Each structure stands twice: as C-alpha cells, then as structure tokens.
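Visitor: Just to be clear, the model below is a prediction. Sequence and coordinates:
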Amino acid sequence: MSPAADAHPGQALPPRRRWLQALARGVFALSAWQAGPARAQRMVSGQLLSLPQMLGPLLQGRVAHPQGLRLELPVLADNGSLVPARVLVDSPMTEQDHVTHIYLLSQRNPVTQMAVFHLGPWSGRAEVSARLRLAGSQLVVALARRSDGSFCYQSVEAVVTESACVDGS
C-alpha cells in the first residue's frame with residue numbers, strides 16, 4: 001500500500017503531494033495572470049467585428065466620412081505574415097489643416113487596432129506604409145483623424161490564403 005492510501009483525513013500530505021499541489025496552484029495563477037493583457041488590449045478572438053464595432057471606440061459618437069483617404073492593400077495575400085499596406089490621405093498638411101492620426105484596424109485579429117501613426121504639419125505628406133500580420137481573410141480599415149476633429153476612412157476586404165495571427169501570438 002502506498003503512503004498516500006494510508007493517510008487519514010486531517011493528517012499531513014506526503015511531501016511529493018504537497019509539491020504537486022503547489023505546482024498546480026502556480027500554473028493556475030500564471031495562466032490567470034497572463035489573461036490580463038488580453039483584456040487590457042481588448043482582444044476579441046473568435047469574433048468577427050462589424051465596421052461600427054471597429055470604429056466606435058475611436059470615433060466616440062462622431063461620424064467618419066468614407067472619402068478623402070485611399071487604402072492600398074493586395075486583394076489576395078498568399079501569406080498573412082507580411083501583407084503590405086499603404087495609406088494616403090488628401091490633406092494640404094498645413095498648420096491649420098493636417099492629419100493628426102492614422103489608424104489601421106483589423107476585423108479578425110486578436111487585437112483590433114494594429115497600428116497608430118501620429119502625424120502633423122511637419123510630416124509633409126499624410127502618407128504611411130506598413131507590413132501587416134493578418135489572421136485570415138478579413139476587412140482592413142484605415143481611419144484618419146484631421147486637426148479639426150473630423151474623421152475619414154476606407155475599408156478593403158483582404159483575402160489571405162495562409163493565416164498569420166492566431167490566439168496567443
């Protein structure tokens with residue numbers, strides 16, 4: 001018979017069992033601690049967001065117009081790890097009229113807001129480019145905020161044959 005089988009209720013557990021219980025508590029605590037950043041970054045894995053759900057937190061009740069911005073993205077991407085994207089905003093980029101922010105948003109990625117670019121009159125042109133990681137075929141949205149507080153956007157449906165972002169990446 002094993003020593004554990006001989007243990008009566010109220011008796012101390014053997015050292016090996018105490019160690020295993022402590023290890024299990026530690027693993028549970030670590031997994032709960034790692035879930036915090038997902039909530040902090042508003043990860044929405046498993047949900048396909050609508051356009052209002054993607055734009056709502058940034059617009060905060062204001063209206064975005066679907067003109068004045070051009071989002072260049074390949075319609076078909078072989079690999080979701082490196083999808084080139086380019087955003088051009090119609091703006092004179094003067095002290096009175098310029099673009100202050102450009103956001104790149106994802107419909108399916110674990111984190112909706114993929115990138116934020118801060119611009120000003122010193123930028124010269126309201127143009128940015130980046131390589132995106134996309135978690136499958138989805139709607140990609142570029143949103144620009146102007147110095148007067150107005151917004152403009154454009155969305156493009158990207159078809160990805162091999163996904164890059166998976167939960168926990």
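Guide: Thanks, I have it.

Visitor: What does the pLDDT read for the residue nearest the centre of the chain?
Guide: Of all residues in the chain, the one closest to the mean position by C-alpha atoms, centre = their mean is residue 111, 1.8 Å from it. At residue 111, the model reports a pLDDT of 89.

Visitor: any idea how far it is from residue 51?
Guide: 17 Å (C-beta to C-beta, to the nearest Å). Every residue, glycine included, has its C-beta placed from N, CA and C.

Visitor: Please apply the same query to residue 28.
Guide: In terms of C-beta to C-beta, residue 28 sits 39 Å off from residue 51.

Visitor: try residue 96
Guide: 30 Å.

Visitor: Repeat that for residue 65.
Guide: From residue 65 to residue 51 the distance is 13 Å (C-beta to C-beta).

Visitor: How many residues are close by the closest residue to residue 137 other than its chain neighbours?
Guide: Nearest residue to residue 137, sequence neighbours excluded (C-beta to C-beta, 6 or more residues apart in numbering): residue 159, at 4.7 Å. Other residues within reach of residue 159, judged by other C-beta atoms under 10 Å, total 13.
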